[in-house]
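Colleague: predicted model and sequence below, questions to follow.
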Amino acid sequence: MSKYSALSLIRHAFSNNKNWQLAIKDAEPKKSYDAIIVGGGGHGLASAYYLAKNHNLKNIAVVEKGWIGGGNTARNTTIVRSNYLWTEASLLYEKSLKLWEGLSQDLNFNVMFSQRGVYNLGHTLQDMRDIERRVSANKLNGIDAEVVDAKQIKKNIPSINTSTSARYPILGASLQRRAGVARHDAVAWGYARAAAQLGVDIIQQCEVTGILKSNNQVYGLETSKGRIESNKIGLVVAGHASVLAEKADFRLPLESHPLQAYVSEPLKPVLDTVVMSNAVHGYISQSDKGELVIGAGIDPYIGYGQKGSFCIIEHCMQAIMELFPCFSRVRMLRQWGGIVDVSPDACPIISKTPIEGLYINCGWGTGGFKATPGSGWVFAHTLANDEAHHLNAPFSLDRFSSGALIDEHGAAAVAH
Amino acid sequence: MLIIKCPWCGDRDETEFSYGGEADIKRPVAPEALSDEEWGDYLFMRKNTKGVFKEQWNHSAGCRRWFIVERDTVNYDIKATYKF
Amino acid sequence: MQKNRLKSGGHIQRDDILNFTFNGKKLQAYKGDTLASALLANDIKIVGRSFKYHRPRGIFSCGPEEPNAILQVGSGSRTEAGLKATQVELYDGLIASSEKGWPSLHFDVAIINDWLSKMFGAGFYYKTFMYPAKFWKLYEYFLRKMAGFGYAPDENDPDYYSHHNEHCDLLIVGAGPAGIMSALVASQSGANVIIVDEKEKFGGKLLYSDEKIDNTVAIEWVERAQAELEKAPNVKCLKRSTAFGYYDYNFLTVCERYTDHSPETTVNSPRQKLWRIRTQSVVLAQGAFERPLVFSNNDRPGVMLASAVSEYIKRFAVLPGRNIAIFTNNDSAYQTAIDLKNAGVDSIIIIDSRPENSSAATIKTNELNIEVKFCSVVTNVQGSNKVEGIEIAKLNSETGLHDNELIYRDCDLLAISGGWSPAVHLHSQSGGRNAWSEKLHCFIPKNTHQKNTSVGSSNGFWGLKDCLEDAKKRTSEMLTDLGYELSEKISFDVEENNYVSMSPLWRVNDGKDPESHPKQFIDYQNDTSVSDIFQAVREGYKNIEHVKRYTALGFGTDQGKLGNINGMAILAEVLNKPIADIGTTTFRPAYTPVSFGVCAGQEIGEFFDPIRKTAIHDFHENQTSPFELVGQWLRPWYFPTQNETIENAVKRECLAVRNSLGIMDASTLGKIDIQGKDALNFLERIYTHDVSKMAIGQCAYGIMLGEDGMIKDDGVMTRMAENHFYLTTTTGGAASVMSWLEQWHQTEWPDLDVYLTSLTEQLSTIVLAGPNSRKVLKKLMVTGIDKESMKFMTFVKSKIDDIDVDIFRVSFSGELAFEINVDSNYALHLWNILIEAGKEYEITPYGTETMHVLRAEKGFIIVGQDTDGSINPEDAGLGWMLSRKKDFIGKRSLLREDSIRNDRKQLVGLLSLDGKTVIPEGAQIIRKGAHKKPIPMYGHVSSSYYSPVLGHPIAMAMIESGRDRHGEEFLAVASCGTEIEVKVVNPVFYDPSGERQNVE
């Protein structure tokens, strides 16, 4: 398989770009596989890639209802960070962040991971206590983090409003410098290409209609492309996790909500970092193409429609005006919605299920994109060994009966 | 932007309401008789239906009454609303 | 000197000369011009540079689909980036610049990208800039610099924006022929109608048509109709208004622009207004977009849409060329030839890809002696900074391929037309589907999801008569459906051109690899060309969504209005599939870009979120107290005397309470009145303690849990009467607790006879705390508060200065204290009385900070500060409050495996070993000597203060198995890395036996 590089671009230019190899290889399903991943989003493709790469499984398929990378991978605001409060969560996201740091080279596909820093703003004394607590915990966990005051924020982000008379004055922030943004499509395609190179079959336009099991052991899938057999199946379908779980007769503690985002028209560089505020419900960064990429809070109701209500956008605009009043004349180009599967403790479920051989990876809520590599890594481990990796052991499904929740809601680090 | 028909007040804009999730989750009569798993099921497990779904809404900026809405969670069409 | 301005014609006001500048060059044009027509009038050919290859680009269209003329307009705080020159109404003093090209627009060194364009094919950036890894930052710096269309202002917006809610029966989007007809029909029905159009004038395509309606030129018909509609009491006409979003339940967002077209912005007018329209039904009459044709160098400045050329001539009297070629696959472009001829152009040639035919259009051009080459295509454009000539080849209509016997022809303008695509954007946003029409060769609306209908050319009717008929018919049906009776019949007589025949030509193709030809652009703004689509497919990006994303097709600021259909058709060709199988793409709001400001409206700044002030706020403000934001409330943080630091003020306030008398405004506490014969039963289920044990007149500290067993809120409960309780909640929890109680009552236990009333605003609460507090009340002749008669944790009704008050003997400071509830209307008065009466005891107002210190000295938790949603009552040392006798919300959860772990975090006190250092709140607790990361954390510091009465710092923390660790030493680590040696102690630091309640 030919490698991508500047040289390859030149070489292919001379042959009129005729000889590029397939990056996305469409496969038709075989009769059976050693493992099947349901869901061709970033997480599913990463899972397949690491199954093949780290666990030496040869015969793997990814089945995708639509087109790969077409769900939340294509719809998020691409923020990557690991500064979560609880050790369980932060170590999982940190594993992911470490993988992001070498991902372009590992996949030989430029995912444009841009470590431009993420600021989580604090607006009240309690926000600042929470930030202090979280940053201190992050550092003890070996995760880069610092607390910055309003003056430093203003210096680094000239366009931000640090007036003390603001309705939500900015008192300070946590800053993770290694955090940043990445190119969403590239992550799905990069993993798909790399997985296919390792022999993974990527089967698009293939909808799962049934999950086959006998004596509580899974043995295959009914799909729109026929029956595919395997006794190791991983479900990685984000907003549709509950729908598939129902097909396998088990329940999940999830609600799928619309989550909306929007971009401005492309501007010259005006914001060199990522700014998030839970208090006002808005977060913002600028893509390499120049668009301001802005995310809102979730719509309150359950919704599978990839659309939400305008009042959420309106409120988010007001929040952005609170933080960046000078963006008032900037124009919204496009808005859209995704479907996020929200769990009771705002943490994912990466777990075995009540059915032998069936595994689930879901519940990422609004924060799944950043976890893509780490999620794939630990889920692949879980599938291959029929046992959780130590990083995802706390994220099992049975925590909802034992009560061992990892409550990221309580602390300031929720959301994205 | 939904319009929700409050069974007491009539059609109102979505912004007057707050959401209460799945309807018909009955609080167990004798919680201590349940296993941790059964209790966890009551606490956290949800239908999360894709399709027509029975959910509770509160007319929080109006009469403050809770009521039931049957809504399609794919296209958001409301089929019916009624009192508890 | 407006070189390209025709001597006469157009809807411009020639007596109103406007001055403007473009890239610093001073130019003139007329009122009525758009920035685009003004630039063309002045023969400005290059207006921008393309995104990837930095190719020079000129004005291409006349509307919102413009891909090239994307300009920065205005200066200073009113500058705006990314405006399409075709949509900017010219005003005097307008400043525009292209913000593209370095060192200049005409000479851009980055044109090197164009020469090396084969290296920069589809998705090239995914394949490079990876090595060495750390260089990405540098690559990215330059990539970011190259991208973007303009600058955001760096000052705040001087203008304001407003929102307006509106309801109507019928909203008509677009006031072209179909929209106007629809409005006329609806107007006569008596229905409540709104018609919106993005231009400053109604008319749409009729603004530059020479067709006739009712024996008058169309434009006159438009003006008459507009006047009639504006007069009609049931019709609202919104001009300069764009319907940009179509949401569920027929909710549409319309942005109306008030001041963008006028040089002096009026102070009394918002700049833009957002109309939030709920309507029974919608007529979509947005018209159609002309498609470009795809051939080599089809992006050169001087290549324009044929309809745009007509529009510039007839609306603006601007003739952007003299020697003109028209390349078309349909009849509509023949009109452009006719318009050119009428404007006095002699040198016109039509290159028509179709075989010779005798349509009305060809007959007409024959009459006018316009040269037409049938079965011919333009294969290439010569000239780089402007069109200098074209290459023409013969097309084999059997194979669809052209030969390579090229004919050269000079020209300075090439008008192109690839047929028309209905503007299905809002239909698609509304949840409607589109279907490919094999007859019309475009997507047309099908299957509406909401109550709407598309009419006229947005429904695939190209001819004027058909448009009007369609609008009339569908609007009538809609109105009948809404229950309106249509009394009058509207009839009209149309003299139309009906130049509608079309035969598809998706790209000019000689069967060779597109890479062997100069670039054939599909999406101008994003530089997506035919070869990119071929390459994308070769690399496996076959789904239309993948192709779009990989090649950036349709991701420009025109959102694919120009290029999408050609792109999809070419993809279909590459994949050898029917276009219908390629699928459609979903359109999202906004139809055209819309300012953040207008979406935000006026709920910004101080109106972003309401601020709540207590009835005593004026006093605090007069004391220049700094405020702390708690929820929406402003609470006094501390009360500094002149130049006093927070430390000194808090110290003074604390000691005043401990030694004499303090007064605090606690009005923000949530207050709920509960009555009904099942009130007790209800509260038993909510609170953890045995409520039934409470005697009338007794108060009790109460906590409520979530069903997950975690502490949700706390407060004081008072039994006012047998079936009457009064609860307080935390300030932040007031609203959510009220809702929570209502939810349990209504959804779970509707059979309980309980009435819940929030009294948070109605009552104010003043706390008198300190050993002298009773003395002050006695001085004021308050009855019922004697030591003997009023025990700790009881309540009494009384009067102060003849004002009814409820007095509660409760204490959050550990001192003798009285919480006095009073009607908020009397609160400030009562406060002043107490201040006056307390003077002899040096009564000291204190704020939230002092309150926090005093309660921490007593080891009292603050929900939300010492708890975080993961703390159950046992953890917080409140296990004694859990009733064993009854069930209550959350009780079962306390029995779960994880709830009974003995290594849960528990509330403890902390002292710094040096006795001096105040431990930072939020610091994490670790073992001394732990270095290897991740370092195990035992807990964190939740509250920490200097205690003036003890003379040393104190802190509260949640620590694993904390209650078993009293005496153990740890390190508290702050975020900055500072490590403080600490010792675990009992969290009650002061007066552990509670003696201080008992003073006289």
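Modeller: That came in fine, so what should we check first? Residues are numbered from 1 along each chain as shown, chains lettered A, B, ... in the order given.
Colleague: then stretch C:967-984 to PDB, C-alphas only?
Modeller: Extracted C-alpha coordinates of stretch C:967-984, given in PDB (Å, rounded to 0.1, in the frame of the first residue of the first chain):
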ATOM      1  CA  GLY C 967      -5.200  12.600  63.200                       C
ATOM      2  CA  GLU C 968      -3.700  11.400  59.900                       C
ATOM      3  CA  GLU C 969      -1.500  13.700  57.900                       C
ATOM      4  CA  PHE C 970      -1.700  14.300  54.200                       C
ATOM      5  CA  LEU C 971      -0.600  16.800  51.600                       C
ATOM      6  CA  ALA C 972      -3.000  19.200  50.100                       C
ATOM      7  CA  VAL C 973      -1.900  20.000  46.500                       C
ATOM      8  CA  ALA C 974      -3.100  23.200  44.900                       C
ATOM      9  CA  SER C 975      -3.500  23.600  41.100                       C
ATOM     10  CA  CYS C 976      -0.300  25.700  41.000                       C
ATOM     11  CA  GLY C 977       1.600  22.800  42.600                       C
ATOM     12  CA  THR C 978       1.900  24.200  46.100                       C
ATOM     13  CA  GLU C 979       1.900  21.400  48.700                       C
ATOM     14  CA  ILE C 980       0.600  22.100  52.100                       C
ATOM     15  CA  GLU C 981       0.900  19.700  55.000                       C
ATOM     16  CA  VAL C 982      -2.500  19.000  56.600                       C
ATOM     17  CA  LYS C 983      -4.000  17.000  59.400                       C
ATOM     18  CA  VAL C 984      -7.400  15.400  59.300                       C
END
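Colleague: mean confidence for that stretch?
Modeller: In this model, stretch C:967-984 carries a mean pLDDT of 97.
Colleague: what residues does that stretch touch?
Modeller: Residues from elsewhere that reach stretch C:967-984, judged by C-beta atoms under 8 Å, 6 or more residues apart in numbering or on different chains: A:131-132, A:135-136, A:139-140, A:145-147, C:908-914, C:917, C:919-920, C:922-928, C:930, C:938, C:941, C:955, C:957, C:959, C:962, C:965-966, C:985. In this view, the C-beta of every residue, glycine as well, is placed from N, C-alpha and C.
Colleague: buried residues of it, list them for me.
Modeller: For stretch C:967-984, burial by neighbour count (16 or more other C-beta atoms under 10 Å in any protein chain shown) applies to C:968, C:970-975, C:980, C:982-984.
Colleague: kindly report the same for stretch C:298-317.
Modeller: Along stretch C:298-317, these residues count as buried under the neighbour rule (16+ other C-beta under 10 Å): C:298-317.
Colleague: which residues of the stretch 101-250 of chain C lie near chain A?
Modeller: Taking C-beta under 8 Å from any C-beta of the partner chain as the test, the list of the stretch 101-250 of chain C residues beside chain A reads C:116, C:118-121, C:124-131, C:133, C:136-137, C:140, C:143-145, C:147-157, C:159, C:161, C:245, C:247-248.
Colleague: any of these buried? List them.
Modeller: Neighbour-count burial within those applies to C:118-121, C:124-131, C:136, C:140, C:143-144, C:147-153, C:156-157, C:159, C:161, C:245, C:247-248; the criterion is 16+ other C-beta under 10 Å.
Colleague: stretch A:345-363 vs chain B: in contact?
Modeller: No. Under the criterion of C-beta under 8 Å from any C-beta, stretch A:345-363 makes no contact with chain B; the nearest approach is 9.2 Å.
Colleague: who does the residue of the stretch 201-350 of chain C found nearest chain A form a beta bridge with?
Modeller: Taking C-beta to the nearest C-beta as the measure, the point where the stretch 201-350 of chain C comes nearest chain A is C:Tyr247, at 5.1 Å. Under DSSP bridges, the beta-bridge partners of C:Tyr247 are C:Phe251.
Colleague: from C:Thr253, how far out is it?
Modeller: C:Tyr247 sits 7 Å away from C:Thr253, taking C-beta to C-beta, to the nearest Å as the criterion.
Colleague: got a list of what C:Leu71 touches?
Modeller: C:Leu71 makes contact with C:22, C:35, C:47-48, C:83-85, C:88, C:96-99, C:150 under the criterion C-beta under 8 Å, 6+ apart.
Colleague: lowest pLDDT pick from these?
Modeller: C:Glu99 (80).
Colleague: relative to A:Val208, how far out is that residue?
Modeller: Distance, C:Glu99 to A:Val208, by C-beta to C-beta: 49 Å.
Colleague: who's more crowded, those two?
Modeller: A side-by-side neighbour count of C:Glu99 and A:Val208, using other C-beta atoms under 10 Å in any protein chain shown, places A:Val208 first with 24 against 20.
Colleague: dig out what that one forms beta bridges with.
Modeller: Counting by DSSP bridges, A:Val208 is bridged to A:Thr223.
Colleague: before we move on, what about A:Ser174?
Modeller: In this entry, A:Ser174 is beta-bridged to A:Asn120, A:Val147, by DSSP bridges.
Colleague: what of C:Val303?
Modeller: C:Leu414.
Colleague: am I right that it is in contact with C:Lys386?
Modeller: No. Counting by C-beta atoms under 8 Å, C:Lys386 is not a contact partner of C:Val303; they are 9.7 Å apart.
Colleague: need the residues touching each of the two.
Modeller: In the contact map built from C-beta under 8 Å, 6+ apart, the residues linked to both C:Val303 and C:Lys386 are C:Gly58.
Colleague: and for C:Tyr247 and C:Thr253, which residues touch both?
Modeller: Taking C-beta under 8 Å, 6+ apart as the contact criterion, the common neighbours of C:Tyr247 and C:Thr253 are A:310, C:589.
Colleague: buried residues in the helix or strand of chain C with the lowest mean pLDDT?
Modeller: Least confident helix or strand of chain C, by mean pLDDT, DSSP states H and E, is helix C:112-115 with a mean of 88. By neighbour count, and taking 16+ other C-beta under 10 Å as the criterion, the buried residues in helix C:112-115 are C:113-114.
Colleague: now what about it, what contacts it?
Modeller: C:52-55, C:120.
Colleague: which of those residues has the largest number of neighbours?
Modeller: For these, the largest neighbour count, defined by other C-beta under 10 Å, is 27 neighbours, found at C:Arg55.
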